[in-house]
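Participant: Predicted model, plus sequence, below.
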Amino acid sequence: MIGFYTLVMKEIKRVLRIWRQTLVPPIITTTLYFLIFGTLIGRRIGDMNGVGYMQFIAPGLIMMSAITASYTNTASSFFLSKFVRNIEELLVSPLSTHTIIWGYVLGSVIRGVLVGILVMLVALCFISFDIHSWTVIILTILLTTIAFALGGIANAIFANTFDDVGIIPTFVLTPLTYLGGVFYSINLLPEFWQGVSRFNPIVYMISGFRYGFLGISDVSLYYTFGVLILFVVVLYAWVYSLISRGVGLRS
C-alpha cells in the first residue's frame, strides 16, 4: 500500500505542479466551444433531442475533456518513466504489476475527473443542469477514464520517442471523439452511418454520460456499460500482459 500510495501521490503532485499545462487548457478550450458552438451557432440550430443545443453539447464536452486528460496523463507520465529508466526500478521492486498499473491509472482518473469538474463549472456559467442520475454520471466517467488511462499506458509502452506518444491522440483519439456524438445526435445520421457510428466506442461513453445529465441517450445504457466494462477488462489484461513480460520496458 505504501508503494501504491507513493505512485498515486507522485501522479497527483505532477498534475498540480504543472497545472498551467494540465488544468488550464481544457477550461480555455471548453469556453471557446461554448462561445462559438453553443452561443453563436446554437441559436441557429435550436433544440436537439428536446433540449437546448448548448445543454445537449455540454456533457459531451465534459467527457471529451476527461478522456483527453486521462489518456494524456498516463501516456506522458509512463513514457517519461520509461525514458529516464525509472520504470526499471519499479519492475525490480517488490511492487506487483497490478500495483504499478493501478498507481498510474488512479492518478490519471483523478486528473480526468478533476478536469471534468472544472469543465462542468465552466458549463454552469452558460447553462443550468437538472441532473437526471448522479449514479450514471459517476459510473460512466470512472469507467471511461480508467479505460483511457489504460490505453495511455499501452501507448507509452510501444512509444520510442515523445513524438510517438502524440500519434494516437492526434490521429485516432481526436477523430473518434469528434465523431462520437459530442456536437450532434447520431440519430440524425442516415441509417448506414448510424450503424458505422455504433462501432465507435466513444459514442457509448458520451451517450451514457449525456443520459446521466439530461435523461436522453442515443444508445441503450446496457450497451453503454457493456462496452465500457469490456474495454476496461480487455485493456487491463493487455497492459498487464505487456508489463509482466517487460515488452518495450527493459533495455
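Facilitator: Structure's in. What do you need?
Participant: okay, CA-based contacts and neighbour counts for the rest of this
Facilitator: OK.
Participant: Let me know how buried R20 is, in neighbour terms.
Facilitator: 10 (other CA atoms under 10 Å).
Participant: let me redo that: V119
Facilitator: For V119, using other CA under 10 Å, the count is 27.
Participant: Compute the distance between it and G246, please.
Facilitator: Per CA to CA, to the nearest Å, V119 is found 37 Å from G246.
Participant: Which residues does the helix or strand bottoming out on mean pLDDT in the chain contact?
Facilitator: The helix or strand of the chain with the poorest confidence is helix 42-45; it has a mean of 72 (mean pLDDT, DSSP states H and E). Identification of contacts with helix 42-45 by CA atoms under 8 Å, 6 or more residues apart in numbering yields 53-54.
Participant: chain center to the helix or strand following that helix: distance?
Facilitator: Per DSSP states H and E, the first helix or strand lying C-terminal to helix 42-45 is strand 47-48. Here strand 47-48 is found 25 Å from its chain centre; the criterion is CA atoms, centre = their mean, to the nearest Å.
Participant: Give the pairing partners of strand 47-48; include direction for each.
Facilitator: strand 51-52 (antiparallel) (DSSP bridges).
Participant: shouldn't L95 be in contact with Y5?
Facilitator: No - with contacts counted by CA atoms under 8 Å, L95 stays clear of Y5, the gap being 11.5 Å.
Participant: who's more crowded, those two?
Facilitator: Ranked by neighbour count (other CA under 10 Å), L95 and Y5 place L95 first, with 15 against 11.
Participant: where does that one land in three-state SS?
Facilitator: coil (DSSP: H, G, I helix; E, B strand; the rest coil).
Participant: So it versus M1, what's the distance?
Facilitator: Separation of L95 from M1 (CA to CA): 9 Å.
Participant: go on, I117?
Facilitator: For I117, the distance to M1 equals 28 Å [CA to CA].
Participant: Tell me which of those two has more neighbours.
Facilitator: A direct count of neighbours by other CA under 10 Å for I117 and M1 places I117 higher, at 15 against 8.
Participant: I'd guess the more buried one is in a strand, am I close?
Facilitator: No - under three-state DSSP, I117 falls outside any strand and is assigned helix.
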